[in-house]
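S.K.: pasting a predicted model and its sequence here:
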Amino acid sequence: MSPPVYVTAVGRLSAPFDGSGLAPDAALGGLLTARVEAGARPGEPRLHALARGAAGRALAGAPNLGRLDPGRKAVFLSSSKGGMECFDGPSPDLGPALWRYLTSSPGQALAAELGWWGPGRNTPLACATGAYAVGLAFEGIRSRRLDAALAGAAEASLTPLVAAAFAQAGALSSARSREGLRGPFDRLRDGFVLGEGAAALLLEGEASLRATGHRPLAELRAWACTCDAHHITAPRPDGAQAARCLALALEQAGLAPRDVAHVQAHGTGTPAGDAAEARALEAVFGPDSGPGPRVCSLKGATGHTLGASGALSAAAAVESLASGRLTGTAACREPMPGMAGRLALAPEPLRPGAVVALSMGFGGHNVALVFDPPPAR
């Protein structure tokens, strides 16, 4: 029997979940964005500052990790874009500092700073990067190669190049004010808001808990990953592989759809993405008029944090279990057909049951993470 894996601490940096951090961005021609104070050290990319900030918040809630062998602790924390700020001006001669701008660099820098030399992996997977990192860390602990792992992602991509690329793809919202935004799963949605941020979850196995005495916030029961194999940016319209990802994760967790109380959805606010996700949810949980899980999306409040979004959703899922409340879905003013009966538009109490975080990245990368309340100890 595989050993259980627990989340014992969470750290995140993002715009507030109520949407108050969204604002027109003068640096990007008035585009609505969600910037975050990074507090970068001299010469440090914003990407690293965000990762270090989120990791620091998580580690502050786990004071006894020093009792563990550093070869049994690892970092799984990447970015989908890397340090895009290096493209803001004339190409610099980065020389030996080039590694700091690679997608793998946030995890590499954190591992070096912490002195953890366990077998971590810092692997980008588009907008599912953060969720994928949590899944890889889960496998490392469940296979007994690790006792503890810090897992998540960071993104600092509020740059002219990134904004222009997503605008060219037709993915960005036309809103230029918070009041004008029609967010995730809204009937009139027309794209997402760019955000930045980071999230890190500390995962520990039973041996680690015995050594550290940390109290778990949630149990990570299972995860799954599928690929649409459909298009470089567009999801499969029928949501079939996202549905399969959800079903596989629940099967591995030993749970039925009726056992799920809440889904922290990907929900970007794009017409195609939200429609495909709604179909996936219906395929697994039945019509929105039924007794299925309550659904939220963070991106109407935090903006789309790209590679960090899956880790941020996972952090919010764990926090919902710990607090007993859902985050709500900011900027959804008129829910689209098929979602009105599911969506929690404002924060509300969480009923007993499992919580699932779903990510759907460009390229059709789907990741589902299943969390349960921790057993009484």
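M.R.: Nice, I can see it.
S.K.: mind telling me what element residue 6 is part of?
M.R.: Under the criterion of DSSP states H and E, residue 6 resides in strand 5-13.
S.K.: tell me the strands beside that strand, with direction?
M.R.: strand 197-205 (antiparallel), strand 218-227 (antiparallel) (DSSP bridges).
S.K.: got JSON lines for those, with distance to residue 63, mean pLDDT and mean neighbour count too?
M.R.: C-beta here means a position set from N, CA and C on the backbone, and glycine is covered the same way. Output for those, formatted as JSON lines (distance: least, CB to CB, whole Å; pLDDT from 0 to 100; neighbours: other CB atoms under 10 Å):
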{"stretch": "strand 197-205", "distance to residue 63": "11", "mean pLDDT": "98", "mean neighbour count": "30"}
{"stretch": "strand 218-227", "distance to residue 63": "19", "mean pLDDT": "98", "mean neighbour count": "22"}
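S.K.: any chance of the ones you listed in TSV, plus distance to residue 267?
M.R.: Shown next, in TSV, are those (distance: least, CB to CB, whole Å):
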stretch	distance to residue 267
strand 197-205	16
strand 218-227	18
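S.K.: nearest to residue 272, of those?
M.R.: Nearest to residue 272 among the strands paired with strand 5-13 is strand 218-227 (17.0 Å), distances taken as CB to CB.
S.K.: centre of the chain to that closest one, how far?
M.R.: Between the centre of strand 218-227 and the centre of its chain there are 13 Å (CA atoms, centre = their mean, to the nearest Å).
S.K.: dump the residue contacts of the residue nearest to residue 323 when sequence neighbours are not counted.
M.R.: In space, and not counting its chain neighbours, residue 323 is closest to residue 350: 7.9 Å by CB to CB, 6 or more residues apart in numbering. By CB atoms under 8 Å, 6 or more residues apart in numbering, the contact set of residue 350 is 261, 262, 294, 320, 321, 323, 324, 325, 326.
S.K.: residue 350 and residue 294, how far apart?
M.R.: 8 Å (CB to CB, to the nearest Å).
S.K.: pull up the overlap in contacts between these two.
M.R.: Residues within reach of residue 350 and of residue 294 at once, by CB under 8 Å, 6+ apart, are 261, 262, 326.
S.K.: hang on, the earlier thing: pLDDT of the strand holding residue 6, averaged?
M.R.: The average pLDDT for strand 5-13 rounds to 98.
S.K.: so what's the residue count around residue 375?
M.R.: Neighbour count of residue 375, defined by other CB atoms under 10 Å: 9.
S.K.: I'd like the numbering to begin with 55 instead of 1 from here.
M.R.: Will do, 55 is the new start, and the previous item becomes residue 429.
S.K.: and it, helix, strand or coil?
M.R.: Of the three states, residue 429 takes coil under DSSP: H, G, I helix; E, B strand; the rest coil.
S.K.: tell me where this structure has strands.
M.R.: Using DSSP state E, the strands of the chain run over 59-67, 77-79, 85-88, 127-132, 202-209, 248-249, 251-259, 272-281, 314-318, 348-350, 408-415, 419-426.
S.K.: now tabulate these in TSV and tack on distance to residue 189.
M.R.: Formatted as TSV, the strands of the chain follow (distance: least, CB to CB, whole Å):
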stretch	distance to residue 189
strand 59-67	11
strand 77-79	32
strand 85-88	26
strand 127-132	9
strand 202-209	8
strand 248-249	22
strand 251-259	10
strand 272-281	4
strand 314-318	15
strand 348-350	21
strand 408-415	10
strand 419-426	6
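S.K.: still on that earlier bit, separation between the residue nearest to residue 377 and residue 382?
M.R.: From residue 404 over to residue 382 the distance is 12 Å, taken as CB to CB.
S.K.: what's the answer for residue 327, then?
M.R.: Distance from residue 327 to residue 382, by CB to CB: 20 Å.
S.K.: do the same with residue 287
M.R.: Relative to residue 382, and taking CB to CB, residue 287 is found at 28 Å.
S.K.: the two - which one has more neighbours?
M.R.: For residue 287 versus residue 382, the count of surrounding residues by other CB under 10 Å is larger for residue 382: 21 against 17.
S.K.: residues contacting that one?
M.R.: Contacts for residue 382 (CB under 8 Å, 6+ apart) come out as 71, 72, 350, 398, 399, 400, 401, 402.
S.K.: got any ranges where this protein has weak pLDDT?
M.R.: Low-confidence segments of the chain (pLDDT under 70): 55, 143-148, 431.
S.K.: could you list the domains of it?
M.R.: 59-266, 276-426 (automatic domain parsing).
S.K.: apart from its chain neighbours, what residue comes closest to the most centrally placed residue in the chain?
M.R.: With distances taken as CA atoms, centre = their mean, residue 364 lies nearest the centre of the chain, 1.8 Å away. The shortest distance from residue 364 to any non-neighbouring residue, by CB to CB, 6+ apart, is to residue 185 (3.0 Å).
S.K.: what's the neighbour count on the one you found?
M.R.: 33.
S.K.: my read: it touches residue 370, true?
M.R.: No. Residue 185 is beyond contact range of residue 370, at 11.9 Å (criterion: CB atoms under 8 Å).
S.K.: can you pull the residues that touch both of these two?
M.R.: Common neighbours of residue 185 and residue 370, using CB under 8 Å, 6+ apart, are residue 411.
S.K.: can you give me the helices for the stretch 155-304 of the chain?
M.R.: 159-168, 183-196, 214-222, 260-266, 294-307 (DSSP state H, counting those that start in this stretch).
S.K.: oh, I was asking about the stretch 305-431 of the chain
M.R.: Using DSSP H, counting those that start in this stretch, helices in the stretch 305-431 of the chain cover 325-339, 353-356, 363-377.
S.K.: pick the most deeply packed of those.
M.R.: helix 353-356 (a mean of 29; mean count of other CB atoms under 10 Å).
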